[in-house]
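Peer 1: Sequence and predicted model, in that order:
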Amino acid sequence: MRELMLVLKAVADKNRMRIIKMLDKKNMCVCELAVVLEIKQPSVSKHLSILKNAGLIQDERSGQWIDYSLCRARINEYAPLLLASVKKWLNDDPAIVSDLEKAKTLCRSEICGKG
């Protein structure tokens, strides 16, 4: 039951749901997510930690950045089922549509000040 509660609590937050929807479309770093969500990087990092702990996302070093993506491994039995459903949900939600449009226009090297 503990794993199910972790997964459900992880997606029971507006910003974490927005992160999942963006990561469904492309890998992103903390800086990019912070710009789209309009929250500070430490808050994004906390959300990412909760999502990773629930088995919903993973991270991977990509040059100077750590990229976050939806988890491909089966960490628990609930995360893959929930991710499959979330992919179908909220696709017409104005906030999600706006987030995805913003995410398309980001230039990582400009946002993060590296490169």
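Peer 2: That came through, no problem. Numbers count the residues shown, from 1 in each chain.

Peer 1: residue ranges of the helices in this structure, please?
Peer 2: Remark: helices assigned in the chain by DSSP state H are 2-11, 14-25, 30-37, 41-53, 79-86, 94-105, 108-112.

Peer 1: so what does the fifth one touch, helix or strand wise?
Peer 2: Helix 79-86 makes packing contacts with helix 2-11, helix 14-25 when contacts are defined by 3 or more CB pairs under 8 Å, 6 or more residues apart in numbering; DSSP states H and E. Heads up, the C-betas are built off the backbone N, CA and C, glycines and all.

Peer 1: try the longest one
Peer 2: Other helices and strands packing on helix 41-53, by 3+ CB pairs under 8 Å, 6+ apart, are helix 2-11, helix 14-25, helix 30-37, strand 57-62.

Peer 1: quick one: average pLDDT of that helix?
Peer 2: Averaging pLDDT along helix 41-53 yields 98.

Peer 1: out of the helices of the chain, nearest to I66?
Peer 2: When the helices of the chain are ranked by proximity to I66, the top entry is helix 30-37, at 7.3 Å, counting by CB to CB.

Peer 1: contact partners of that closest one?
Peer 2: Here helix 30-37 makes contact (CB atoms under 8 Å, 6 or more residues apart in numbering) with 15, 18-19, 22, 40-41, 43-45, 48, 65-66, 68, 99, 102-103, 106, 108, 111-112.
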